[in-house]
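> After the sequence you'll find the predicted model.
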Amino acid sequence: MVGAGARSGSGSGSGTVRLGSDLGDARRIGDDLGRAGNDAANPDRAPGGTANNLPTNSVDSGTPGSGPRGGQGDRLPASSVDGGGPTGTGGRDVHGGSTADSAIPAGAADNGVPSPRGPGSTGLGGGDDAARGSDGTPVSAGSTRQPVPRPSFMHDGPNPYGRPGSLTLEQIEEIQVYRANEEPGYREQYYRKDGTRHRVEIHDESGFTPPQLAQPLPDGPWVRAKDVPAPPNPHFLDDDYITVGADTVRSSARLKILDAAAQKRYFSIQWDNLVAKWKGETATLHETLGTPETAAEWAEARGTYKESHTQMGKSAEEFGEKAAEHHFIAERYPNFEQQDLLGPKNGNDQFDQVWKHDDGRVVVVEAKSSVDTDMGQRTLPNGRAVSQGSREYFLDILRKMERRGETDLVDALEDALKRGKLDYVIVKGEKTTTAYNGYKYRRFDISKGTLP
């Protein structure tokens, strides 16, 4: 492992092992809950900013008062509502937007990890310049995608599912996936362009919500997101997460900031849980009674939940960011300056934090709100999924940064990689009540890739 035995230079305050010695050929990829939603590893769950094992209800993107489509039972879920990408395409703490819409620049490696400045780079290219299909999704010119076979048990006529109870859920979802691929307008009606559902309350003629979708290969067929294999785990320098307690915060002012962030997160979580329960109860009541009064209360609950869940996600994200800034960085990397990042507000296609020292050392931090928050993932231009913290992920983020003009910072990151002066770390805030309890951290090893 290149660089694994080299200790950091003076002034780092940590004695950490530096990553990336002689990594001139290394390239990296993107991240995690804008990030409000985690669990990209389990894409079939409705995304949302889950912290401390809270329900995975995500922001209700539907209009209050709109009911489900007809079908058997017209059943309404008690809570969770869709709002993020099936493979971590949401914002930060759900991190790592898909790059499947991007062409592979000329000179890219066969493993799908393009150089940020590979010779003959074609810029956006690919799906960004492609024609669009009838449902508004990109379709490359001359696409030769093979049609998805029609399920043998699919019925003809207005209801392809037949009589209620005649098909298993697995068969119903197979028909729904077929329709999403082959039936004009179906994907537009039930899905966003990235394969996430508009709302879990919206059923098709089967009476069931269509499954989350993913497109593993550019111009390939859409499949159930839960059927897409998880990406390889990243490599680490540390055998396990290292725990750092709140008692190591040497500044009372910084501890006050951390306590305030922990308290804000805690109360946001408690309120969100209460509203989620109310939302579920009003949905059940409206399903039973179906009166204008129950519809109005259900609409009010959904609107309130949208606000509470959004605020919970923001509070969780802020807590993770503050733990990284005011504890991890402040104690271990004094005199490092935080760099401004130009990525989108949802946190996609960027690192959580980048810190730089005058001597050329750079620290890249992926901040998580809780020890239970999973790492994000992203899709490379060739359709391969990679995990946050992998070399491929890191280099693909550099590619995105290069595209949006962050050339000076990309230069600094590439130089730090080559000189063994870059640390790439994940920092997770500990579970809290109303007081800060510290964090856990672990250093990534990006001296080698994760894809074969």
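Good, I have the coordinates. Owing to the predicted nature of the structure, the values given are computational and were not obtained by experimental measurement.

> show me the contacts for residue 353.
By Cβ atoms under 8 Å, 6 or more residues apart in numbering, the contact set of residue 353 is 321, 324-325, 329, 338, 363-365, 367. Where C-beta positions appear, they are placed from N, C-alpha and C, glycine not excepted.

> next one: residue 425
Contacts of residue 425 (Cβ under 8 Å, 6+ apart): 328, 363-366, 441-444.

> still on that earlier bit, of the contacts of residue 353, closest to residue 186?
Set against residue 186, the nearest of the contacts of residue 353 by Cβ to Cβ is residue 367 (38.6 Å).

> Report how many residues lie close to the closest one.
By other Cβ atoms under 10 Å, the residues close to residue 367 number 32.

> Roughly how far does it sit from residue 323?
Distance, residue 367 to residue 323, using Cβ to Cβ, to the nearest Å: 7 Å.

> what do these two both touch?
Applying Cβ under 8 Å, 6+ apart, one finds that residue 367 and residue 323 are jointly contacted by 427, 429.

> Check what pLDDT residue 402 gets.
Among the per-residue scores, residue 402 shows a pLDDT of 97.

> just the buried members of the contacts of residue 353?
321, 324-325, 329, 363-365, 367 (16 or more other Cβ atoms under 10 Å).

> What is the nearest of those residues to residue 195?
Scanning these for proximity to residue 195, where the rule is Cβ to Cβ, the winner is residue 367, at 26.7 Å.

> got any ranges where the stretch 151-300 of the chain has weak pLDDT?
Counting by pLDDT under 70, not a single residue of the stretch 151-300 of the chain qualifies.

> Would you map the strands across the chain?
Taking DSSP state E, the strands of the chain run over residues 19-21, 131-132, 138-139, 213-214, 223-224, 242-244, 337-338, 353-356, 362-368, 377-379, 385-387, 419-429, 439-443.

> So which of those strands is the most surrounded?
Mean neighbour count (mean count of other Cβ atoms under 10 Å) peaks for strand 377-379 among those, with a mean of 31.

> tell me what that strand is packed against?
strand 385-387, helix 391-403 (3 or more Cβ pairs under 8 Å, 6 or more residues apart in numbering; DSSP states H and E).

> and of those, who's closest to residue 437?
Using Cβ to Cβ, those put strand 385-387 closest to residue 437, at 26.5 Å.

> Please name the strands paired to the closest one in the sheet, noting orientation.
strand 377-379 (antiparallel) (DSSP bridges).

> Longest helix in this protein, please.
helix 252-289 (DSSP state H).

> Can you tell me which of the strands of the chain is nearest to residue 148?
So among the strands of the chain, strand 223-224 is nearest, using Cβ to Cβ, at 9.1 Å.

> just checking, what packs against that closest one?
Short answer (3+ Cβ pairs under 8 Å, 6+ apart): strand 223-224 packs on helix 169-182, strand 213-214.
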